[in-house]
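>>> here you go, sequence then predicted model.
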Amino acid sequence: MISINSLTVAYGGFTLLDDISFHISENDRIGLTGKNGAGKSTILKLICGLQKPTSGKIEMPSDLRIGYLPQIMEHHKGRSVIDEAMTAFSELFSMEEELDSIMEQLSSREDYDSAEYRKLIERMNDVNDRLAYTKAESPRVSAERTLTGLGFKPEELSRATETFSQGWNMRIELAKILLSKPDVLLLDEPTNHLDIESIEWLEDYLKAYKGSLVLISHDRKFLDNITNRTVEIMLGHIHDYKVPYSQYLVLRKERIAQQKAAYENQQRMIEKTEDFIERFRYKPTKSNQVQSRIKQLDKLERIEVDIEDNSALSVKFPPAPRSGDVVIKAENLALGYPAKDGHEKKIVFTGADIEVRRGEKVALVGRNGEGKTTLMRAVMGELEPMDGSIRTGYNVCAGYYAQNQEDILDKDDTVYGTLERIAVGDIRTRLRDILAAFLFKGEDIDKKVAVLSGGERARLAMAKLILKPYNLLALDEPTNHMDIRSKDILKQALKAYDGTLVIVSHDRDFLDGLVDKLYEFRDGKVTEHLGGVEEFLKKRKIETLNELERKAAPAVMESAKQEEKTLSASHQEYRQKKFISKEERKVRNRISFLEKGIEEAEAKMKELETVLAAPKPSDDIMELTRQYLEYKRDLDIKTEEWEKLVEDLGQ
């Protein structure tokens with residue numbers, strides 16, 4: 001369907017894509033993967049005709065309809081959300097107008113045997129067939145369903161597009177692309193501005209989509225769930241695997257290992273052959289054999305091992321200074337924004353009780369616009385409560401990664417200058433090393449922030465957090481625009497971080513195994529969920545289904561109520577005992593959470609005891625002892641709370 005033939009893209013002396021070729025077939029689901037700056041977005045622009053290659057060509061049918069979602073785009077103003085989404089049906093509306101025009105012409109003509117009349121009939125049938133194919137349901141119903149699936153509330157559909165953020169406007173553009181039902185979808189990081197529930201809706205949509213898909217995403221689970229083929233771009237070349245992302249990683253490792261083994265075997269054979277030639281080159285009795293070996297080497301097809309790009313982030317957060325046991329405490333908290341410029345005040349959520357303790361790793365999840373970033377701003381002292389209170393604990397020193405880095409970073413400053421302006425003390429002498437750890441090397445440190453890609457800006461903002469030892473990291477969507485390898489390294493660094501972490505993220509794979517508590521922001525309320533992201537998602541899906549059942553079957557619910565009334569008193573009592581009260585369930589969840597923490601602390605202490613019993617010369621005894629005492633104190637606090645909760649539960 002789309003053939004990419006011997007494509008090269010070069011800028012001055014730098015070759016981004018070097019003579020690449022591959023084919024996009026019907027119903028292909030391709031994940032384009034590679035590091036930031038490898039050329040993934042460039043390939044999509046080349047297919048769309050928005051960029052010209054240095055050499056090579058792209059061939060496709062002239063009537064192929066392509067839907068392209070770039071990372072950054074211009075947003076339309078002056079329409080409501082629903083009216084803007086309805087522009088996706090402009091071609092359909094044009095066909096309807098054409099059909100009306102043809103029927104009007106046919107009704108006024110009587111030259112039934114003429115060629116013109118027959119042409120009108122043929123065109124009418126053609127347009128009618130196309131309308132029947134594309135118009136399976138009302139366009140407005142399709143638009144409303146798609147917009148609500150992408151996270152818009154029904155009451156928001158009549159609001160003007162300019163009253164929404166860039167992320168929400170990206171959702172409108174995505175809705176328009178999906179509604180236009182193109183033959184090929186080219187999506188460049190579509191999940192960057194979507195919350196977890198919207199991502200799951202988009203997954204379901206794309207699974208049912210009848211067409212070809214080329215997807216750039218740094219969400220490993222999204223790639224695994226959607227794609228059936230992975231095209232890797234590395235150092236200007238591509239490697240094509242007919243499997244999803246996780247399987248590609250396994251096959252890629254096997255391929256490199258096989259190449260290395262074959263290369264080493266061939267090198268040994270070449271070495272032996274060259275040794276034979278050198279030993280017997282001047283012996284007449286061996287001349288035929290020598291010439292034969294020389295020809296054999298000349299004809300030999302030399303095995304090459306694919307060059308790997310092994311450059312990677314090197315992230316290690318400084319040890320966290322000790323803070324109080326309670327790091328963040330909010331009681332009956334209401335947050336929002338005061339009246340301004342003619343707009344009414346907006347309350348985002350109310351009645352929130354939040355407690356984050358020292359060493360906890362907590363995720364804030366939920367729809368965009370429900371208050372996750374708002375809470376982050378309140379934690380950082382940038383926003384005052386409308387009701388209730390929020391405070392940080394004793395000696396809390398917070399490092400903040402804001403979502404809108406493009407607005408916060410000074411575009412006129414250089415990469416080096418960004419760090420130099422805020423660095424103090426001895427660390428100023430290590431700025432080049434820190435930047436190198438975040439892949440800014442050589443001339444890169446003199447680049448202006450304005451020319452950096454989204455991934456480079458994310459890395460630079462993260463580098464700022466290394467300059468000072470913080471005991472609370474507040475990270476708002478830190479992985480947007482980061483490639484998968486960088487995200488994996490950041491995740492491991494955060495797991496090893498010994499301070500407190502509060503993170504806003506929609507990346508399920510990134511959060512899985514990193515956080516042990518979640519706060520869900522939904523419909524103006526904040527709910528605590530103990531456990532990891534997978535447990536939360538399973539629970540939420542069950543709740544969502546239950547809500548749907550309640551809305552769809554009120555008669556069934558009424559019947560259930562009647563049945564409840566007719567139960568015998570003894571049966572009622574039995575059922576009452578079966579169900580644990582909400583408060584008791586919360587206590588039991590907390591006990592389970594503490595037991596897990598106690599187990600982890602004991603395991604860490606055991607590891608440190610082993611090292612301290614027989615330290616190596618390179619081991620820092622003072623640092624190891626400090627860590628041991630930290631875990632000991634944490635263990636004592638958790639054990640004391642656990643004992644009290646168990647005792648209270650037994651009473």
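Perfect, thanks for sending it. Residues are numbered from 1 along each chain as shown.

>>> any stretches of the stretch 51-200 of the chain with poor pLDDT?
129-137 (pLDDT under 70).

>>> switch the cut-off to 80
Flagging of the stretch 51-200 of the chain using pLDDT under 80 yields the residue ranges 71-75, 90-96, 98, 105-113, 123, 126-138, 165-167, 192-193, 195-197.

>>> which residue ranges form the helices in the stretch 401-550 of the chain?
Counting by DSSP state H, counting those that start in this stretch, the stretch 401-550 of the chain has helices at residues 405-408, 415-420, 431-437, 454-464, 484-496, 508-511, 533-552.

>>> could I get the ones you listed as a markdown table with mean neighbour count?
No exception for glycine: its C-beta is placed from N, CA and C like everyone else's. Putting those into a markdown table (neighbours: other C-beta atoms under 10 Å) gives the following:
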| stretch | mean neighbour count |
| --- | --- |
| helix 405-408 | 15 |
| helix 415-420 | 20 |
| helix 431-437 | 16 |
| helix 454-464 | 21 |
| helix 484-496 | 17 |
| helix 508-511 | 22 |
| helix 533-552 | 13 |
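
>>> these: lowest mean pLDDT?
Lowest mean pLDDT of the helices of the stretch 401-550 of the chain: helix 533-552, a mean of 61.

>>> show me the protein divided up by domain.
1-65+183-242, 78-181, 249-299, 326-531, 580-651 (automatic domain parsing).

>>> distance between the ends of the fourth one?
The reference is to domain 326-531. Terminal residues of domain 326-531 are spaced 19 Å apart (C-alpha to C-alpha, to the nearest Å).

>>> can you classify the closest residue to residue 149 other than its chain neighbours by secondary structure?
Ranked by C-beta to C-beta, 6 or more residues apart in numbering and with sequence neighbours excluded, the top spatial neighbour of residue 149 is residue 201, at 4.1 Å. Following DSSP: H, G, I helix; E, B strand; the rest coil, residue 201 is assigned to helix.

>>> next, count neighbours for residue 201.
Neighbour count of residue 201, defined by other C-beta atoms under 10 Å: 18.

>>> over to residue 287?
Neighbours around residue 287, by other C-beta under 10 Å: 12.

>>> what about it, which helix or strand?
Assigned by DSSP states H and E, residue 287 falls within helix 287-299.

>>> which outside residues touch that helix?
With contacts defined as C-beta atoms under 8 Å, 6 or more residues apart in numbering, helix 287-299 is touched by 270, 273-274, 276-277, 280-281, 283.

>>> now the element after the strand or helix carrying residue 593, going C-ward?
In the assignment (DSSP H and E), residue 593 maps to helix 582-613. Using DSSP H and E, the helix or strand that follows helix 582-613 in sequence is helix 621-650.

>>> so what does that following helix touch, helix or strand wise?
Applying 3 or more C-beta pairs under 8 Å, 6 or more residues apart in numbering; DSSP states H and E, one finds that helix 621-650 makes contact with helix 582-613.

>>> that older thread, mind putting the domains of the chain in a markdown table, distance to residue 314 included?
Rendered in a markdown table, the data for these read as follows (distance: least, C-beta to C-beta, whole Å):
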| stretch | distance to residue 314 |
| --- | --- |
| domain 1-65+183-242 | 15 |
| domain 78-181 | 30 |
| domain 249-299 | 21 |
| domain 326-531 | 4 |
| domain 580-651 | 19 |
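
>>> which of those sits closest to residue 318?
Residue 318 sits nearest to domain 326-531 of all these, at 3.9 Å, using C-beta to C-beta.

>>> contacts for stretch 317-326 next, please.
So stretch 317-326 is contacted by 355-358, 393-397, 465-466, 468-473, 493-494, 496-500, 623, 626, 630, 637 (C-beta under 8 Å, 6+ apart).

>>> separation between residue 349 and residue 332?
Going from residue 349 to residue 332 by C-beta to C-beta, to the nearest Å gives 11 Å.

>>> more neighbours, those two?
residue 349 (22 against 12).

>>> show me the contacts for that one.
The contact partners of residue 349, taken as C-beta under 8 Å, 6+ apart, are 333-336, 370-371, 374, 521, 524-526.

>>> now it: phi and psi?
With angles defined as degrees, to the nearest 10, residue 349 sits at phi -150, psi 160.

>>> distance-wise, check it relative to residue 328.
15 Å.

>>> which strands or helices does the longest helix seen in the chain pack on?
Taking DSSP state H as the criterion, the chain has its longest helix at helix 245-280. Packing partners of helix 245-280 (3+ C-beta pairs under 8 Å, 6+ apart): strand 29-33, helix 220-226, strand 229-234, strand 237-241, helix 287-299.

>>> including distance to residue 455 and mean pLDDT, could these go into JSON lines?
Output for those, formatted as JSON lines (distance: least, C-beta to C-beta, whole Å; pLDDT from 0 to 100):
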{"stretch": "strand 29-33", "distance to residue 455": "13", "mean pLDDT": "93"}
{"stretch": "helix 220-226", "distance to residue 455": "16", "mean pLDDT": "90"}
{"stretch": "strand 229-234", "distance to residue 455": "14", "mean pLDDT": "91"}
{"stretch": "strand 237-241", "distance to residue 455": "20", "mean pLDDT": "89"}
{"stretch": "helix 287-299", "distance to residue 455": "45", "mean pLDDT": "86"}
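
>>> how many neighbours does residue 125 have?
The number of residues near residue 125, taken as other C-beta under 10 Å, comes to 11.

>>> give me the contact list for the helix or strand harbouring it.
Secondary structure from DSSP H and E places residue 125 in helix 115-134. Residues from elsewhere that reach helix 115-134 (C-beta under 8 Å, 6+ apart): 92, 95-96, 98-99, 102-103, 105-106, 109, 111, 181.

>>> please redo it, this time with the cut-off set to 6 Å
92, 95, 98-99, 102, 106, 111 (C-beta atoms under 6 Å, 6 or more residues apart in numbering).
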